[in-house]
Structures are given as C-alpha cells and as structure tokens.
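> pasting the sequence and the predicted coordinates here, then a few questions.
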Amino acid sequence: MIRYCQLILAAFIGSAVGLFSGGGPAVDLWLSADEVSRILGRHASGPLYIIQDGLPNPSLSPSLLRSNGNSFYDSTDIDQRTRFILPANADSLKISWRAPKPFHYTFMELQSSDPSIMGPPLLSITLEDSMPNNDTEFRMDFPCTGERTGIASVNVILRIRHFKSGLDIPASPIHLSFDKQCVEAPTCEPRCANGGMCNQMGRCDCADGFYGHSCRIIFCIPHCYNSGTCVAPGVCECQKGFIGDRCQKAICTDDCTGHGYCYKPGYCFCYRGWTGPKCDKRIDNSPKALEATSYRSKNVRLVKNRRFWSDTT
C-alpha cells in the first residue's frame, strides 16, 4: 500500500532528578549525519544529538538543518518542545544510540491517537532490553493505514536506567510526540493478493513470484516440467511418477540399476549391452543385440521393434 505521509516530530526531554553527580553517564542518542542528510535532501555537517552524555542536548542548531529557506527543524519552542518536520516521503527514522554497561531501556508507551489513520509506531528492536555498548542503529516506522485521510498523533516514552541501581539517567524518560498527516491510498478491485501493493494508478504491483491483474498467478522459473503445477513462487507440485524441484525426473523401479535412464514413469532406456525392465540383464555382443533397448518395468508382454521395446497391452 502506497503511503503519502507528512510526519511532524515534536520532541521534548522529560524532567530529570539529579541521580548522577559530576554530569551524566556516557549514554548517547542521536540522528546520524547520514540520517539528517536523508531527511534534508542535502549534506549535513554532523550528527544531531538528542541525548549526549546522559543529558538532554540544549543546543540543537537550526543552521545545521536549514536548506534554501526550508527546514525540518523549527527553532520556535512551543511548550518547551523542539519541533522536527520530516518530508512527506519520510515514514521512518533511524536512531543511533550507545551506552556503557549496564544500562537498560524500556519503551513505556507507543500509541496512536487514531489507529484507522495510522497504526502504532513499529520498532526494529524489542520493547525492553539492554542498551548496546557500541554505536548501533534502530528503526522506528510510522505506518499510515491508507484507509483514511487525516492527522494522527503518536506518543512515545522511552526510559533509560542503570540496570543494577535502577536509577534513571538525567534525561530519562524521553518523550517523543509525533503528528503525522496521512492520505487515503488508491484501492484496487479486486484487491491485490499475495503481498501485492496498489499503486497510484489503481493497479497492483506484485511481489516477486506472482503476476496477473490481482497478483494471484504464481510464477516458477524455470517452469514445472511434465505437467507439474506451480503452487508457490519457485515451488512445483509434481504429477504421479515424477520427482525433482522442477518435476524433471521420472521414477522407475531401482532407477534402472544404473545401466540406463528413466525417460518416463516406469520406462527404462537401457545403455548398450544391457536389457530387461530394469536394465539389469547383459546381452550378447552381436551388433544387432547391442542396440539400445527400451523397457517398461512391469510384468507385461513385450515385443521387440528394432531398437526399442514397446508395451503392446
């Protein structure tokens, strides 16, 4: 489902009790320069810290994020909030963080004010765990449902504390508020199946392995042989008497004992010097007898017709 979204991030750092003397611990939370550049569409000179050394960053610089009169950072404080405005095509954030051992994080709240417009934020990490000791990224997605046009608010509360003492860092808890505008997505009739997405033209963009007007036809490459059926992308269901990932191999008793090959179910084509339903009998060395022979591996009357044996019943 194509989503057209404008995401407005309003972030403020919760009040803290002086739990750590001599400054905060080396706990950092930031947007990397690459992520800032992705949001702005131009090169950023450095990362944007939200928490640095366990303390809220009081000096988010508007000049860092302004480009040709446009910015996604608004220096105007509203109720002590620093506002971030993301472009319409940005429906996620990659957030970097690190902490010394042993710090623990908990996402205490992840809510959407209107689930019919936007679902709750989705995280690429668990809701609660130990913080990484090295520079690590996690992703937060803000999914429009595409069912309605409108604005939904999201509230995220993140707590970071010392695992053994249970004391919060000075910047904890972190409150992140989001206002996101979503637009109703085009619909396709019939609905796109098997993971297909309805595009702006009202047509289905099919996932790999499927095709057709509504992505209901399964595609196998190469195709299934011997009347096999493609039941899932790249998966063949074979007719009786055939095996193999593409149903390319027929089944014969004892696999023609290694002295021939099975060219259709129950039929062996014997190599020179061998004969019989299983190609397990040697024949004499006369030129006529050395012709390759074909047998059906069943107890039926066989008639020799030049170089092949055929079933007359």
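That came in fine, so what should we check first? Numbers count the residues shown, from 1 in each chain.

> burial of Tyr267, as a residue count?
Burial measure for Tyr267: 23 neighbouring residues, criterion other Cβ atoms under 10 Å. Bear in mind the C-beta positions are built from the backbone N, C-alpha and C, glycine included.

> and the gap between it and Asp254?
Noted for Tyr267: a distance of 13 Å to Asp254, by Cβ to Cβ, to the nearest Å.

> now the helix ranked longest in the chain: average pLDDT?
Scanning the chain for the longest helix, with DSSP state H as the assignment, gives helix 33-40. The predicted model gives helix 33-40 an average pLDDT of 84.

> swap in stretch 224-238?
Stretch 224-238 carries an average pLDDT of 89.

> how far out from the middle of the chain is that stretch?
25 Å (Cα atoms, centre = their mean, to the nearest Å).

> ditto for stretch 275-285
55 Å.

> residue numbering should commence at 55 henceforth.
Renumbered: residue one is now 55, and that last one reads stretch 329-339.

> buried set for it?
Across stretch 329-339, burial judged by 16 or more other Cβ atoms under 10 Å covers 329-334, 337.

> same check, this time on stretch 149-168
Across stretch 149-168, burial judged by 16+ other Cβ under 10 Å covers 149-153, 157-161, 163-164, 166.

> again, but for stretch 165-185
When neighbours are counted by 16+ other Cβ under 10 Å, the buried residues of stretch 165-185 are found to be 166, 171-175, 179, 185.

> and the pLDDT for Arg360?
pLDDT, Arg360: 30.

> same thing with Leu176?
For Leu176, the model assigns a pLDDT of 91.

> check the one 4 residues further on too.
Taken from the predicted model, the pLDDT recorded for Thr180 is 95.

> what do you get for Arg152?
For Arg152, the model assigns a pLDDT of 94.

> all strands for the stretch 255-367 of the chain, in order.
Secondary structure of the stretch 255-367 of the chain, counting by DSSP state E, counting those that start in this stretch: strands at 258-259, 264-265, 271-272, 283-286, 289-291, 296-297, 303-304, 314-318, 321-324, 328-329, 335-336, 348-350, 356-359, 362-365.
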